[in-house]
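[1] sequence plus the predicted model coming up.
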Amino acid sequence: MTATTASAASSPVLSTTPGLVNAHHHLYSALARGMPGPSRSPRNFPDMLSLVWWRLDAALDLETIYWSAKLGALEAALAGTTCIIDHHESPRAIEGSLEAIDKACSEVGVRVNACYGATDRWADDGSLHEKVSPISRMTKGAMAGLDECDRHLSAGKRGMVGLHAAFTCSDETIEAAAALAKKHGVGVHVHVAEAIDDVAAGARLEKHAADDWLLVHTVHLDRPLRGRIAHNPRSNMNNGVGYAKPTTKPNKVLLGSDGIGSDMAEESRLAYARLREFDLAATPDVVAGWMQNAREAFPESRDDVVTWRYPEANSPWHGAFTTGMRVERVVAGGRVIVDHGTSLLVDEAETRAKAREAARKLHQRLENM
Ligand SMILES: [Zn+2]
């Protein structure tokens, strides 16, 4: 037992929990805050993608990917999140993108399970297709995305094989992703029926899906599908896609942020409030179970120690109703990565300043696109 865990055990102020896990993140979104607004107000989910997120990811280069991941990893560490399952896309900077993310996270001291989300939405002539025919051929972009996953996994790094979503992928690409995942003994990390526009996902994925797949959202999933579910309540509310009703599905449920930060204690409080709106009989133990399932998917987190400035952080009932519970100290992989609420392995002020500079360049590029 370290000095801090010993003192936390007897402190009237402090208590400890294992490390928190963000089961679905987009580290590339950390620099999106303050980005130039869309040309018109998004009216539906496909608008949100084409007017905001697909503009942003197309503007990323390896430098902005690195600083975005570094800022995202820093904010995760400061919130006690020591492990991140990330889903990345940067269609104009695919090769080397996962290495940039992996480097940024390891410098901060958090672990990342990375994948590149392969997609056929960028045709070989560079034009954008919001929907892709299942019978179309695999694009060069999708092939490059799968190659990036293959390179990352072949280098012995933690990762999965990524697919954006069935509605932007051909059957050929889905099949190739499933085969690549099998070859590496990992699952596929894929957005599934996030909005009604992707309601065909279940039918298209069911012959490939396996227990080690990570199915993200599943709000409009119309059938049983093998895999673990990553539930992202804040993002679902923000995009107005509906409630995923995770307690009605037989799958193991994990909690993710879908790119809106990595404060998983905060995400769990929101998840609980949204669950109660759906089922008044639900207790905080349900959401604590989702956090625990995420730890099982990223077992290293269980040995990490987060010290909170609150004496009963371990109690689901206290956790659900104690807003603003602050992290004092984080030990990850045996190293102290956060102490007195700030990062020890990287300088917080310098990282924020450099990330702000990278964001300025990225937003400038978006203005000019
Ligand atoms: Zn997502």
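    Looks like it came in fine. Residues are numbered from 1 along each chain as shown.

[2] helix or strand for residue 74, which one?
    Here residue 74, judged by DSSP states H and E, is contained in helix 62-78.

[3] same question, residue 147
    Take DSSP H and E as the rule and residue 147 turns out to sit in helix 140-154.

[4] what residues sit buried inside that helix?
    In terms of neighbour count (16 or more other CB atoms under 10 Å), helix 140-154 has its buried residues at 141, 142, 143, 145, 146, 148, 149, 150, 151, 152, 153. Every C-beta, even on glycine, is put in place using the N, C-alpha and C of the backbone.

[5] picking that back up, between the very next helix or strand once past the helix holding residue 74 and helix 62-78, how many degrees?
    Following helix 62-78 in sequence order, the next helix or strand is strand 81-86 (DSSP H and E). Put simply, strand 81-86 runs at 140 degrees to helix 62-78, going by axes from the mean of the first three to the mean of the last three CA atoms, to 10 degrees.

[6] gap between strand 81-86 and the chain center?
    For strand 81-86, the distance from its own C-alpha centre to the chain's C-alpha centre is 8 Å (CA atoms, centre = their mean, to the nearest Å).

[7] next, the buried residues of it.
    When burial is assessed from 16+ other CB under 10 Å, strand 81-86 yields the following buried residues: 81, 82, 83, 84, 85, 86.

[8] for the nearest residue to residue 312 once chain neighbours are set aside, helix, strand, or coil?
    With CB to CB, 6 or more residues apart in numbering as the measure, residue 318 is the residue that lies nearest to residue 312, at 4.2 Å, once sequence neighbours are left out. Three-state call for residue 318 (DSSP: H, G, I helix; E, B strand; the rest coil): helix.

[9] ok, residue 318 touching residue 308?
    No. Taking CB atoms under 8 Å as the contact criterion, residue 318 and residue 308 are not neighbours in contact, 10.0 Å apart.

[10] neighbour-wise, which of the two wins?
    The neighbour count for residue 318 versus residue 308, taken as other CB atoms under 10 Å, is higher for residue 308 (24 against 16).

[11] related to what we said a few turns ago, what about the residue nearest to residue 312, distance to residue 284?
    Relative to residue 284, residue 318 is positioned 9 Å away (CB to CB, to the nearest Å).

[12] for stretch 241-249, the averaged confidence score.
    Taken as a whole, stretch 241-249 has an average pLDDT of 98.

[13] so where's the stretch 101-250 of the chain shaky on pLDDT?
    For the stretch 101-250 of the chain, no stretch has pLDDT under 70.

[14] how about the helices in it?
    Listed in chain order, the helices found in the stretch 101-250 of the chain under DSSP state H, counting those that start in this stretch are 140-154, 171-184, 201-205, 233-239.

[15] need those in TSV with distance to residue 23, can you?
    Below are the helices of the stretch 101-250 of the chain laid out as TSV (distance: least, CB to CB, whole Å):
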stretch	distance to residue 23
helix 140-154	18
helix 171-184	17
helix 201-205	18
helix 233-239	12
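
[16] of those helices, which is nearest residue 131?
    Within the helices of the stretch 101-250 of the chain, the stretch nearest residue 131 is helix 201-205; the backing value is 12.5 Å (CB to CB).

[17] where does residue 350 land in three-state SS?
    Secondary structure state of residue 350, per three-state DSSP, is helix.

[18] OK, contacts around it?
    The contact partners of residue 350, by CB atoms under 8 Å, 6 or more residues apart in numbering, come to none.

[19] what of residue 90?
    Neighbouring residues of residue 90 by CB under 8 Å, 6+ apart: 28, 57, 58, 60, 61, 65, 97.

[20] is it fair to say it lies in a helix?
    No. If the criterion is three-state DSSP, then residue 90 is coil and not within a helix.

[21] next, count neighbours for the residue lying closest to it once chain neighbours are set aside.
    In space, not counting the residues next to it along the chain, residue 90 is nearest to residue 60; the distance is 3.9 Å by CB to CB, 6+ apart. Other residues within reach of residue 60 by the criterion other CB under 10 Å amount to 23.

[22] is it true that residue 60 touches residue 362?
    Yes. Between residue 60 and residue 362 a contact is recorded at 7.2 Å, counting by CB under 8 Å.

[23] which residues sit against the helix or strand in which residue 24 is found?
    When secondary structure is defined using DSSP H and E, the element that contains residue 24 is strand 20-25. Under the criterion CB under 8 Å, 6+ apart, residues 72, 76, 79-87, 189, 214, 216, 228, 230, 232, 254-259, 262, 264-265, 267, 291, 294-295, 297-298, 301, 306 lie in contact with strand 20-25.

[24] over to stretch 132-148?
    Contacting residues not belonging to stretch 132-148 are listed as 89, 91, 94-98, 116-124, 161-162, 167-173, 176-177, 180, 204 [CB under 8 Å, 6+ apart].

[25] among these, which ones are buried?
    In terms of neighbour count (16+ other CB under 10 Å), the buried residues within these are 89, 91, 94, 96-98, 116-122, 161-162, 167-173, 176-177, 180, 204.

[26] good, we can wrap up now.
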